[in-house]
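> Sequence and predicted structure are below.
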Amino acid sequence: MTQPQTNLSLAEVARRLDRAGVLWAVFAGAAATAYGATRPLTDVDILVPAAEADRVAPLFPEAQVERREDGSVRGLQFPGFDILAGLSLMDLDASMAERLTRREIASVRVPVIPPEDNILLKAVFGRGPEVGKHDWEDVEAMMTHLPALDWEYLRWRAGICGPPERMQSLLERLEALQRQLKNLG
């Protein structure tokens, strides 16, 4: 895995967030690499609780700030990093926080969202190479490399993330992929 080209290092981003006492975790593609995806790391996406957004923004004066309609901070962007304050379908809540793990990414040990949350996010996004993304590729890689998933937690999270019909369809697709991977192994 290569370290993304950035003005700030992941170590410096982690230091600033940790020093401020902010709850945070890596998610999306960088988390997928922590859970078994082998494609090159191009950037690091970081999730913070939506309630922490206005406290996080001053920690990164070099960042471009994206705001919500109400003026609150939605996210920060700077070379190699996106820091998002909550996502439209999930926030870094207490259930996720108690399941965070620490993994090495770009030679830095960082908190990473639970694999079930990352798999669900990537499945919901569902973007492919035609838009420069690898969501289902990452889902498959994570499910291939992880010894077991907490399906009860995954189903619970899906139940609060979106329309029941859509979430049920995604869960069925994930379960079919799990069966396929077991048959190959």
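That came in fine, so what should we check first?

> could you pull out the helices for the chain?
Applying DSSP state H to the chain gives helices spanning 10-19, 28-34, 53-56, 94-97, 115-125, 135-145, 151-161, 164-184.

> May I have the residues that are in contact with the spatially most central residue of the chain?
By CA atoms, centre = their mean, the chain has its centre lying nearest to Phe27, at 1.8 Å. Residues near Phe27 by CB atoms under 8 Å, 6 or more residues apart in numbering: 45-47, 112-113, 117-118, 121. C-beta here means a position set from N, CA and C on the backbone, and glycine is covered the same way.

> List the beta-bridge partners for it.
Assessed by DSSP bridges, Phe27 has beta-bridge partners Asp45.

> Distance of it relative to Leu181?
For Phe27, the distance to Leu181 (CB to CB, to the nearest Å) stands at 22 Å.

> same check, this time on Ser95
Distance from Ser95 to Leu181, by CB to CB: 26 Å.

> Give me the residues contacting stretch 85-103.
So stretch 85-103 is in contact with 23-26, 31, 34-35, 47-50, 52-53, 56, 72-75, 109-114, 116-117, 120-121, 124, 153, 156-157, 160-162, going by CB under 8 Å, 6+ apart.

> For the residues you listed, which PyMOL command selects only the ones that are buried?
Selecting only the buried entries of these in PyMOL, with 16 or more other CB atoms under 10 Å as the criterion:
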select buried, resi 23+24+25+26+31+34+35+47+48+49+50+52+53+56+73+74+75+110+111+112+113+114+116+117+120+121+124+153+157+161+162
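
> Tell me the confidence at Ala50?
For Ala50, the pLDDT comes out at 94.

> try Asp45
pLDDT, Asp45: 97.

> wait, isn't it in contact with Gln77?
No: counting by CB atoms under 8 Å, Asp45 stays clear of Gln77, with 10.3 Å between them.

> between those two, who's got more neighbours?
The residue with more neighbours, out of Asp45 and Gln77, is Asp45; 19 against 15, by other CB atoms under 10 Å.
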